[in-house]
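Engineer: Quick one, fold the following:
(one chain, ligands or ions: 1)
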Amino acid sequence: MLQVKNIETLYGLVMALRGVSLELAEHKITAILGSNGAGKSTLCKTVMGMLEDQPDKGTIWLDDTRIDKKDTEDIVNLGLAYVPEGREVFEELTVLENLQMGGYTRKASQTREDLKRVYELFPRLKERQKQLAGHLSGGEQQMLAIGRALMMHPRIMLLDEPSLGLSPLLVKEIFSTIKRVNAEDGTTILLVEQNAAMALKSCDYGYVMENGRFVLAGTPEELMADEDVREFYLGIR
Ligand code: ATP
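Structural biologist: This next block holds a predicted model:
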């Protein structure tokens with residue numbers, strides 16, 4: 001599975017990741033909690049090969065293949081899909097066109113199956129398939145962003161703050177769909193979240209990131225029992 005070994009990522013002279021190691025368990029949901037600017041998105045982008053010449057140090061492996069020097073396209077073709085923070089759907093294209101773009105590497109027959117699955121998971125996208133993505137609500141755009149990633153039939157899906165800006169009801173719906181994809185399709189999930197309560201309810205294992213480093217890791221039960229996690233991330237004492 002995916003193994004990140006002691007990576008350092010720089011933005012110019014600023015070190016955003018300071019020796020991060022992480023291992024994803026196959027078919028499980030792993031969460032990364034952390035406040036604004038901790039380095040969570042940087043970790044996702046580094047794994048996806050989206051930051052030029054980064055990581056500066058350390059290695060990233062998918063099974064026996066070293067991927068930290070590969071292009072994003074190759075990393076996607078190896079089965080990793082990324083749902084970025086802020087969704088980034090193609091606003092001028094319809095829902096269906098957005099989904100078809102997600103599946104561009106798949107065969108036509110596979111795309112038909114993938115589309116059926118996405119519509120089963122998100123019936124609302126089917127209802128709105130001819131609508132422009134730019135006209136969707138925030139929650140629907142988040143569904144579309146996840147749906148588009150699922151069209152690649154990924155082995156591993158990286159989700160960057162899927163709950164951002166959504167109502168509590170929609171957050172619940174999105175998280176329950178993520179859990180369904182994990183349980184029914186066996187997709188391994190890396191979930192990056194500021195919403196610690198929801199993330200800890202959904203994950204099998206979690207890490208806490210501060211200032212570009214993991215400061216804590218454990219099962220959700222262990223993390224929920226930690227005083228700092230309770231005080232700073234869950235707001236309970
Ligand atoms: P958020 O939840 O607010 O997105 P995050 O944990 O995802 O936070 P990152 O976006 O990874 O944090 O940012 C980590 C650090 O790197 C921050 O200090 C941020 O200011 C800095 N940073 C992020 N992107 C860039 C960039 N393109 N150039 C320079 N510094 C950056």
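
Engineer: burial count for residue 210?
Structural biologist: Around residue 210 there are 16 other residues, counting by other CB atoms under 10 Å. For glycine as for every other residue, the C-beta is placed from the backbone atoms N, C-alpha and C.

Engineer: can you list the residues of the protein near the ligand?
Structural biologist: With the criterion set to CB under 6 Å from any ligand atom, the chain comes near the ligand through 11, 14, 16, 34, 36-42, 85, 194.

Engineer: Got a quick PyMOL command for the buried subset of the residues you listed?
Structural biologist: Selection of buried members from the residues of the chain next to the ligand for PyMOL, criterion 16 or more other CB atoms under 10 Å:
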select buried, resi 16+34+38+39+40+41+42+85+194
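
Engineer: ok, residue 80 to the ligand distance?
Structural biologist: Applying CB to the nearest ligand atom, to the nearest Å, the value for residue 80 to the ligand is 18 Å.

Engineer: other SSEs contacting the helix ranked longest in the chain?
Structural biologist: Secondary structure of the chain per DSSP state H: the longest helix is helix 168-185. In terms of contacts (3 or more CB pairs under 8 Å, 6 or more residues apart in numbering; DSSP states H and E), helix 168-185 is packed against strand 29-33, helix 108-121, helix 138-150, strand 188-193, helix 196-202.

Engineer: Quick check: which element contains the residue most central in space within the chain?
Structural biologist: For the chain, the residue nearest the mean C-alpha position is residue 159 (1.5 Å; CA atoms, centre = their mean). In this structure, residue 159 is located in strand 156-160 according to DSSP states H and E.
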